[in-house]
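Colleague: pasting the structure only:
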């Protein structure tokens, strides 16, 4: 009898173990399924000071935290240039991204399905009209009849036009040449052109080297916007992912203020810039993401400028292009 009782107890113990193990495995499966249910959000970003706060949010884990608590997983994608971010959207390789306002408009005019969800940064002092250090050009009026270069269909073209017009001149009064930043630098220093509109990091690099003097920057003329972009389906179906990006960006801004030395060290690792140059550049940027009435008006003026200069394939409706809430 005792042997039978012991056998029954052993059987019951074995069954309880299976039940417990089964429940444990079920719980693990449920946890695993919960993790796997998190939707992937792909963010494309350029390694430039224009987006320093978002880089800090990524390096410190703020971006992943904000996404994960809303049910998303981050896929981070480093992209070398703003126009390539637009191409990545077109190829459905990313869901969120950053770029200058001009490439954003060009992509939208080409039919890419995305919208502006916030301001990435403004930096009127990070964009400037410059000449060689020893040039006898000292003001805008001295540019009449001179060879002036910048990149066509980039925001340097708008600043140049505004500076020329504000001085009572027309673009026909100068010899305008379109050049990439890579080509413009040697052309200016070699004397092949008389002046150029350049932007950071090149602007600070040439200025700290003592190679150029600044005739005028964007102060009180043009804010030199970079913008946050989202695919339309993310805005429609996963707006919490957009909110996560904005909140992580705010945390990045605050961290840069309270931990400037650590932040700079983290950025130096990513941007591969000399410390003295990065010091100067970071002071130029405002990273507040909020869309303002001034921003909306400035975007209307940029769209008009680009359309008048035949830089857009199609007109862009600002009311449809910018998410205001």
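Modeller: Received, thanks. Everything numeric here is computed off the predicted structure, so don't read it as measured data.
Colleague: Quickly note the distance from residue 44 to residue 316.
Modeller: 21 Å (Cβ to Cβ, to the nearest Å). (C-beta placed from N, C-alpha, C; glycine too.)
Colleague: Tell me which of the two has more neighbours.
Modeller: residue 44 (24 against 21; other Cβ atoms under 10 Å).
Colleague: List the beta-bridge partners for that one.
Modeller: residue 77, residue 97 (DSSP bridges).
Colleague: How about the contacts made by it?
Modeller: 77-79, 85, 88-89, 93-94, 96-98 (Cβ atoms under 8 Å, 6 or more residues apart in numbering).
Colleague: cool, and residue 280?
Modeller: Contacts of residue 280 (Cβ under 8 Å, 6+ apart): 204, 208.
Colleague: What are the buried residues along whatever helix or strand it lives in?
Modeller: Per DSSP states H and E: residue 280 is located in helix 275-282. Using 16 or more other Cβ atoms under 10 Å as the test for burial, helix 275-282 gives 277-278, 280-282.
Colleague: Next, count neighbours for residue 296.
Modeller: Residue 296 has 16 nearby residues by other Cβ under 10 Å.
Colleague: after the host helix or strand of it, next one along is what?
Modeller: Here residue 296, judged by DSSP H and E, is contained in helix 293-308. Following helix 293-308 in sequence order, the next helix or strand is helix 318-321 (DSSP H and E).
Colleague: List the contacts of that following helix.
Modeller: 108, 115-116, 296, 299-300, 303.
Colleague: average pLDDT across it?
Modeller: Here helix 318-321 scores 96 as its mean pLDDT.
Colleague: Give the buried residues for that helix.
Modeller: Buried, per 16+ other Cβ under 10 Å, within helix 318-321: 318, 321.
Colleague: How far away from the center of its chain is it?
Modeller: In terms of Cα atoms, centre = their mean, to the nearest Å, the centre of helix 318-321 is set 19 Å apart from its chain centre.
Colleague: Next: stretch 47-61.
Modeller: For stretch 47-61, the distance to the chain centre is 9 Å (Cα atoms, centre = their mean).
Colleague: Good, we can wrap up now.
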